[in-house]
Structure formats: structure tokens, C-alpha cells
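# A structural model of the following input is requested.
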Amino acid sequence: MLTSTAYRQSIVQKGLAPTSLLDHLFEIVRQALASSIHQAFVITFCLSLLILVVAVFLRDAPASQGEDTIATTQGEIAKDHRYAKQ
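Down below sits the predicted model:
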């Protein structure tokens, strides 16, 4: 079909010569790549902000409030009745 002279002439008359088609293909690929890189950057940036906010606000939140909390400093260990010498 591509070897048909009439078909080749119709393509050339429409301005879709093979070099023009290749240029269009490269432009489409370039735009798709630029768009995907931009979307990946935006998503990564939003996730980074979310992680930063979570890290800042959860830093001061205690892990648990019950009796099963573990004493972490020497003062807390000395005050904790579970570690008292008997």
C-alpha cells in the first residue's frame, strides 16, 4: 500500500511527507515525556509535603497513654514502681 504512487502523492500533497510524520511523532513523544515528568514531580512534591507535615505533627504525640509505656530515662526508671528494688 505504501508503494502505491497515488498514495505517496496524496500524502505529499497533504503535507504529511515521511519527514514531517517523523517530526510529528517526535513532537508527540517529547510532549508526552515532558508531561509525565511534570506529573511525577508534582506527585513527589505533594507526597514530600505530606510526609513533612506528618513528621512535624506526630513528633510530639505520645505513642501510648496506658500502663504499658516504657520508661526511657534514668529518672523515669527510678520513679517507676515496676523497677523498684525489693
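
# What ranges in this protein fall below the confidence cut-off?
Scanning the chain for pLDDT under 70 picks out 1-3, 11, 15-19, 60-86.

# Check it for its longest helix and report it.
helix 18-58 (DSSP state H).

# Which neighbouring elements make contact with that helix?
Under the contact definition 3 or more CB pairs under 8 Å, 6 or more residues apart in numbering; DSSP states H and E, helix 18-58 sits against no other helix or strand. Heads up, the C-betas are built off the backbone N, CA and C, glycines and all.

# Based on its surroundings, how many neighbours for residue 55?
Using other CB atoms under 10 Å, residue 55 has 9 other residues around it.

# cool, and residue 47?
The burial count for residue 47: 10, using other CB under 10 Å.

# what's the spacing between it and residue 4?
From residue 47 over to residue 4 the distance is 53 Å, taken as CB to CB, to the nearest Å.

# and if you look at residue 13?
For residue 13, the distance to residue 4 - CB to CB - is 14 Å.

# What separation is there between residue 12 and residue 35?
Applying CB to CB to residue 12 and residue 35 gives a distance of 31 Å.

# er, residue 4 actually
From residue 4 to residue 35 the distance is 36 Å (CB to CB).

# Residue 57 too?
33 Å.

# Over to residue 6?
For residue 6, the distance to residue 35 - CB to CB - is 38 Å.

# more crowded one of these two?
residue 35 (10 against 7).

# Pull up the gap between the more buried one and residue 51, please.
Applying CB to CB to residue 35 and residue 51 gives a distance of 25 Å.

# ok, now residue 37?
21 Å.

# Residue 24 now?
Counting by CB to CB, the gap from residue 24 to residue 51 is 41 Å.

# With residue 45 instead?
11 Å.

# same thing with residue 21?
Taken as CB to CB, the span from residue 21 to residue 51 is 45 Å.
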